[in-house]
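Novice: missing the sequence, but the structure's below:
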């Protein structure tokens, strides 16, 4: 998705070149406004489902000084359901001059619901392949900003930006998330004093009189919203980056007044390409190029092989590049799952990139995204209303919470499983260069870790809100810590968040972090810390979405003479008996069944220090209820235990 910068960030970016600034991933106001303008009648795509397009030949004639387009679009398609007509998405504002099939005109109907129905003349059976050519012209609708004529430093420019539904505003196509053309050829006819840029590789620039025809060839599957072009007085800078055994061309189309910025900071793109290429597999369009084109929108857009950006800015650059794996190669198959595009690009740019290359910016970006998520107590990553552009492009949920969902998956699964699962997802033959749903990602992560993640996605993808943890802790004289972890949740949709919770014990000179598998509320556990701690920090590295966490050290006054406790309860094969300040040198332990039969007895010797005893009654103990009787001097304790 296009990434929008705040005025604050634009100013910072212009002043400091490639300085990183936290917060670029969260500003989506412009995306929402443009997206909302591209939706009509509650349905973004009205193309019929009885055909698929496998190739577009695209001729566009424009003058960057004139807000007008003349087009000739040839679509090669395959019929998927028997029919005598097919429907494209296309704006009724533009005029269709004619439609040809086999060089013969056919009838068509252009409707105000942004549909263009083509009447093929006879019934076509499923599997039939054919093509049509549509001639059209006009001024695309201005309010949607999918096709813009404007100026920079006095020079004219025309540029396009079609996500989510704007492609139909300037060319007839299938505009939904259900079909990718296998390839496209793009011919841009324009005054010869300008340069034209588009998807794929430049094949030729042929000038006749004062008119140039610029030809680009793109031979990878592409969604309609990722097709784009721009024409202006561009200065072009080309270089290469070595990615393993491949030398990838990098091509920048910049305003002459800004060319030096793109040349100077090309190393940012090169570094990010090497990182993503190494972590996620080969750059998905290795046989062609990666390019950046400067344009007038306040942010950027991940047009396939050719990201459009307003300016040079690190977070913007690496965000749009990240989309070429997550969004372009594998595209979300539903707006319910937009986080598969936006959450991933935010995670890669804000968290992974800064973690690996910019340590001074890593924590500020993590903190900013986390603060944004926690600004409200509810909201799911799953989009519940796909007719509401504010909801689809919600910066807090689709971007930042989506990014943190990935951060938490990595924390839960570990680096090896997490990244292996992502590479498997990207390389799945059914998904690569096609569309995916969240269930597809879950399947690949589960396979990589040989585990179930149903609970995780129910909590964090469909569920709303976050936990607030309270950790009560106490140490005995042997430096064992007795810890009780409880949580409350901010939204009723999730009653308890099952998480691996990091807890750090520290004093002035020593630190130890332990990870507690928090699987039940009011969980009791004990751990050998190895030193006397004075402070406990909860989730110190902010691996989880949580807020208002509290650490409570129980005071010495709460440690009573002969204070005996047992945990965990319920227990598995063994349990722990804690005796604080024992007033006897022995502890007798007896275990009885619920009907009074004694099945275990043992006496343990105690020292003057606190004691922690690991008790395993018998090799096999059936699940059920038992009574534990403990005697230490004058202290007699009876505890009901549950064997799970």
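Specialist: Perfect, I can see it now. Quick caveat: nothing in here was measured; it's all calculated off a predicted structure.

Novice: could you find the closest non-adjacent residue to residue 206?
Specialist: Closest residue in space to residue 206, ignoring its immediate chain neighbours: residue 213 at 5.0 Å, by CB to CB, 6 or more residues apart in numbering. From N, CA and C alone the C-beta is placed, and that goes for glycine too.

Novice: please read the previous query as pertaining to residue 473.
Specialist: Counting by CB to CB, 6+ apart, residue 473 lies nearest to residue 483, which is 4.9 Å off, once chain neighbours are set aside.

Novice: return the list of helices and strands in contact with the helix or strand hosting the one you found.
Specialist: Applying DSSP states H and E as the criterion places residue 483 in strand 480-489. Applying 3 or more CB pairs under 8 Å, 6 or more residues apart in numbering; DSSP states H and E, one finds that strand 480-489 makes contact with strand 467-475, strand 499-506, strand 511-518, strand 523-528.

Novice: now render the ones you listed as a markdown table, adding mean pLDDT and mean neighbour count.
Specialist: Listed next are these as a markdown table, based on pLDDT from 0 to 100; neighbours: other CB atoms under 10 Å:
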| stretch | mean pLDDT | mean neighbour count |
| --- | --- | --- |
| strand 467-475 | 94 | 20 |
| strand 499-506 | 98 | 21 |
| strand 511-518 | 97 | 15 |
| strand 523-528 | 84 | 17 |
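
Novice: any chance of the ones you listed in JSON lines, plus distance to residue 244?
Specialist: Conversion of the helices and strands packed on strand 480-489 to JSON lines gives the following (distance: least, CB to CB, whole Å):
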{"stretch": "strand 467-475", "distance to residue 244": "42"}
{"stretch": "strand 499-506", "distance to residue 244": "34"}
{"stretch": "strand 511-518", "distance to residue 244": "35"}
{"stretch": "strand 523-528", "distance to residue 244": "44"}
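
Novice: what's the closest of these to residue 548?
Specialist: Go through the helices and strands packed on strand 480-489 one by one with CB to CB and the one that ends up closest to residue 548 is strand 467-475, at 4.4 Å.

Novice: which helices and strands does the closest one pack with?
Specialist: If contacts are counted by 3+ CB pairs under 8 Å, 6+ apart, strand 467-475 sits against strand 480-489, strand 499-506, strand 535-538, strand 550-553.

Novice: go through the ones you listed and name the closest to residue 193.
Specialist: Of all the helices and strands packed on strand 467-475, strand 499-506 sits nearest to residue 193, with 60.2 Å by CB to CB.

Novice: just checking: what are the partner strands of the closest one?
Specialist: Strands flanking strand 499-506 in the sheet, each with its direction: strand 511-518 (antiparallel), strand 535-538 (antiparallel) (DSSP bridges).

Novice: closest one to residue 276 among those strands?
Specialist: Closest to residue 276 of the strands paired with strand 499-506 is strand 511-518 (CB to CB; 28.6 Å).

Novice: now the angle from the closest one to strand 467-475?
Specialist: In this structure, strand 511-518 runs at an angle of 120 degrees to strand 467-475, with axes from the mean of the first three to the mean of the last three CA atoms, to 10 degrees as the basis.

Novice: who touches strand 511-518?
Specialist: For strand 511-518, the external contacting residues (CB atoms under 8 Å, 6 or more residues apart in numbering) are 469, 483, 485, 487, 497-506, 523, 525, 527, 529-531, 533, 540.

Novice: what about it, distance to the chain center?
Specialist: 27 Å (CA atoms, centre = their mean, to the nearest Å).

Novice: over to stretch 522-535?
Specialist: Distance, stretch centre to chain centre, for stretch 522-535: 36 Å (CA atoms, centre = their mean).

Novice: from one end of that stretch to the other, what's the distance?
Specialist: Criterion CA to CA, to the nearest Å; first-to-last residue distance in stretch 522-535 is 20 Å.

Novice: with stretch 433-452 instead?
Specialist: Stretch 433-452 has its terminal residues 27 Å apart, counting by CA to CA.

Novice: okay, buried residues for that stretch please.
Specialist: 433-436, 438, 440-446, 448-449 (16 or more other CB atoms under 10 Å).

Novice: so which of those sit within strands?
Specialist: Cross-referencing the buried residues of stretch 433-452 against strands under DSSP state E gives 434-436.

Novice: output those residues as TSV; include the columns distance to residue 367.
Specialist: Compiled in TSV, those are given as follows (distance: CB to CB, whole Å):
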residue	distance to residue 367
434	36
435	33
436	30
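
Novice: nearest to residue 153, of those?
Specialist: Nearest to residue 153, judged by CB to CB, of these is residue 435 at 39.8 Å.

Novice: so what pLDDT did the closest one get?
Specialist: pLDDT, the model's per-residue confidence, is 97 for residue 435.

Novice: for the one 3 residues further on, same thing?
Specialist: As summarised for this prediction, residue 438 has a pLDDT of 98.

Novice: tell me the SS of residue 380?
Specialist: Of the three states, residue 380 takes coil according to DSSP: H, G, I helix; E, B strand; the rest coil.

Novice: so it touches residue 464, yeah?
Specialist: Yes: because the distance of 5.0 Å satisfies CB atoms under 8 Å, residue 380 is recorded as touching residue 464.
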